[in-house]
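**Student:** 3D model of this:
(chains A and B)
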Amino acid sequence: MKSLQDRVDRLRPGLPITVGKSVLPFAIAILLAFTMDKLIGPAVGATWSKILLDVGIAILLAGSLNIVNGYAGQFSIGHAGFMLVGGYLAAWLTFYGSIHWFGVKTPVGGFLGNGQLLFLGGCILGGLCASVFGVIVGLPSLRLRGDYLAIVTLGFGEIVRVLGQITDRQPKRIDDVKKIPMSDLLNNLGGAEGFSQIPGYTTLFFVYFFAFVLLVLAYRLKYSSKGRALLAVRENEIAAEAMGIDTTRAKVIAFVFSAFFAGIGGSLYAHQVGALDPKELGFMKSIDLVIIVVIGGMGSITGVVIGATILVVLPEIFRQFADYRMIAYALALITVMILRPQGIMGVKELWETSLWRKQVKALRAKLRGGK
Amino acid sequence: MSDSFTASDLLQTTINFLAVGGLYALIALGYTLVYGILRFINFAHSDIVAWGGWIALTVASGAGWLASGQSPAFALPLVLLATMALCAAMGVTIERLAYRPLRKAPRLNVLITAIGVSLFLQNVGLLNKVFGNRPSTISALLSNDVLATVGGVHLRLYDMLTILLAVVLVIVLERIVYGTRMGRAMRAVAFDERTAALMGVNVNIVVSVTFALGSALAAAGGILFALRNDLRMTADTSWVLLGLKAFVAAVVGGIGNVRGAAAGALLIAFVEVFVHRYVTAAFPDKPWVGQLQDIYVFGILILVLIFKPSGLLGKATVEKV
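**Tutor:** Predicted coordinates:
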């Protein structure tokens, strides 16, 4: 008779399968991002591929906010602050870095060439820096709950915005920049005028790569014990604590995770627009993201994707009704909240809805019948 | 540097601080009243403030008091009363249409609805048929006269009016909330809505009255703000920032508490005017120090919330299991 440990070990999948299973989603993410970039992007034309970029960035940002707002139930209305932090860091690296190392201000190199690698580094750096701020914002959640935490996040967002506005002027001429070492340029982020002439590195590939990675991670988090701990905190903090969940730790992790991707989203945003204006990324931007999460369904990954798509695409379609567009948007928002308070998807995922299950069942029956 | 630390300068700054504090107090009271009773942050409040300014413009220009350059002395009180009444009606209507259907819904939904109402008001105000998107001014209603100069301190009509109006309205509100039957009903609903309803309080009427009071005060705040500054378009960020600061004042004082809102407004105004004035004067060689105003305000907010989450005058709530 073998020991229990041996029998358990035998049932455990081998190393190649474990590694394969963890890498597979990311391989699919790269493949999908590549498809978006090379096939779908050129096929839909310039206008729509720009809209696709916006949708992807919105999915990334709202998806990251969903971790804090949807999973952990911590109402955060300062998400644009993380975007600003990430965007500034990445823009600092690519703009000044390009000049120092490549001698130009425009994007250099082809697909995954030097320039894009620098940009990738900028995104990661921006994300890391934003997640440090995530710890700072997450820590007050030790003491604060609900609305009060929301107000602290609001204060944080506004403080980051003002700090961005009082940074020093941005030297724009190549010769001027070359004279100053990189580290001395950290405070030259453009001040109230904003950081401009950021090289436009953001492509559909990067946007959808990060968006897919986020979605995969969000999915894995949701169905893991860590994610269930977050959901428990959302439902009832006291009960969660009684069940042995370290609620503070769970909340800070949610903030850090969320801030990391918000920072990446901010850098993608900065390199798409080509400029980073602190006034644009204030309170109202944070609110836009909250609206996507609430309309899509708090805590639902597919809900956020649907919400982001609808809320980015619809205003674009109705662009011709300029004056009445926002009024209709506001009225739609109020109507949805009154008629469907839980958002489009509620807390469910697409594959958890009864409609989806019915369709899958019908499809299976059809396939079986066909054979 | 020495001339910025004189006694007359101190007095001037004090007057300035009181005027700003009065303005914040008027707006903060609206936030605090609604939060106290319905437990949600009324994000549309700052838009009522903006509409207050614009309705005042519409009323005043309709009566022909803006064109002549010199308006009669009774113009401002009349405009003020008319605007306060109109905004009160507006607040009640908004509550009836947008918030009442959500009375039992999760608070986040009400919050998003409030944001929806805010966007609606901002963009309706932008339409050319309504207020348009060009800045205007109502400063003709009140000449920016210096009433008297005492020892180098200018007593401006505007500052005096703001302080007076704020003090009077805060006292009136205080009397309403703590000295009338309706006020008692309001406090009962704030304490426990269901029990209050069981005791025969008509919750709907109480909520309507709350919105009417809050919106009337917001209108007064909007007019006072517009008398001093340009009347910017309704979607301008200056209104949002004004609303945010008043809201911060309400939270710092202890949201849901009338006296707290006034105290919080004074604290925020103190930080914004006094600290800003003297810190800037202390660092004349560092120009960026002059732009730190908003950081002081939001920094105070975070500090107060971390060390006394229920606000300076708020009661700590016990978490029930």
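**Student:** Residue B:240: how many residues sit nearby?
**Tutor:** Counted with other CB atoms under 10 Å in any protein chain shown, residues neighbouring residue B:240 total 21. Every C-beta, even on glycine, is put in place using the N, C-alpha and C of the backbone.
**Student:** wouldn't it be in contact with residue A:287 here?
**Tutor:** No - Residue B:240 sits out of contact with residue A:287 when judged by CB atoms under 8 Å, with a separation of 9.9 Å.
**Student:** Quick check: residues of the stretch 251-371 of chain A near chain B?
**Tutor:** Proximity of the stretch 251-371 of chain A to chain B, by CB under 8 Å from any CB of the partner chain, involves residues A:279, A:282-284, A:287, A:290-291, A:294, A:298, A:323, A:326-327, A:329-331, A:333-334, A:337-338, A:341.
**Student:** For ChimeraX, write a command that selects the buried ones of those residues.
**Tutor:** ChimeraX command restricting those to the buried ones, with burial defined by 16 or more other CB atoms under 10 Å in any protein chain shown:
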select /A:282,283,284,287,290,291,294,298,326,327,329,330,331,333,334,337,338,341
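**Student:** which residue sits closest to residue B:253, ignoring its sequence neighbours?
**Tutor:** residue B:264 (2.6 Å; CB to CB, 6 or more residues apart in numbering or on different chains).
**Student:** Report how many residues lie close to the one you found.
**Tutor:** The number of residues packed around residue B:264, counting by other CB under 10 Å, is 33.
**Student:** now swap in residue B:173 and tell me
**Tutor:** Other residues close to residue B:173 by other CB under 10 Å number 22.
**Student:** So which residues of the stretch 251-371 of chain A form helices?
**Tutor:** Using DSSP state H, counting those that start in this stretch, the helices assigned to the stretch 251-371 of chain A run over residues A:283-296, A:301-317, A:322-339, A:354-370.
**Student:** Point out the most buried one among these.
**Tutor:** Using mean count of other CB atoms under 10 Å in any protein chain shown, the stretch among those with the greatest mean number of neighbours is helix A:283-296 (a mean of 24).
**Student:** which strands and helices sit next to that helix?
**Tutor:** For helix A:283-296, the packing partners by 3 or more CB pairs under 8 Å, 6 or more residues apart in numbering or on different chains; DSSP states H and E come out as helix A:41-66, helix A:79-91, helix A:146-165, helix A:301-317, helix A:322-339, helix B:107-126, helix B:237-253.
**Student:** Just put those in a markdown table and tack on mean pLDDT and distance to residue B:29.
**Tutor:** As requested, those are exported to a markdown table (pLDDT from 0 to 100; distance: least, CB to CB, whole Å):
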| stretch | mean pLDDT | distance to residue B:29 |
| --- | --- | --- |
| helix A:41-66 | 91 | 32 |
| helix A:79-91 | 94 | 28 |
| helix A:146-165 | 86 | 17 |
| helix A:301-317 | 90 | 34 |
| helix A:322-339 | 84 | 25 |
| helix B:107-126 | 88 | 17 |
| helix B:237-253 | 90 | 8 |
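**Student:** Take those and lay them out in a markdown table including distance to residue B:15.
**Tutor:** Shown next, in a markdown table, are these (distance: least, CB to CB, whole Å):
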| stretch | distance to residue B:15 |
| --- | --- |
| helix A:41-66 | 44 |
| helix A:79-91 | 35 |
| helix A:146-165 | 26 |
| helix A:301-317 | 46 |
| helix A:322-339 | 40 |
| helix B:107-126 | 32 |
| helix B:237-253 | 19 |
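**Student:** what's the most buried one of these?
**Tutor:** Scoring the helices and strands packed on helix A:283-296 by mean count of other CB under 10 Å, the most buried comes out as helix A:79-91, with a mean of 32.
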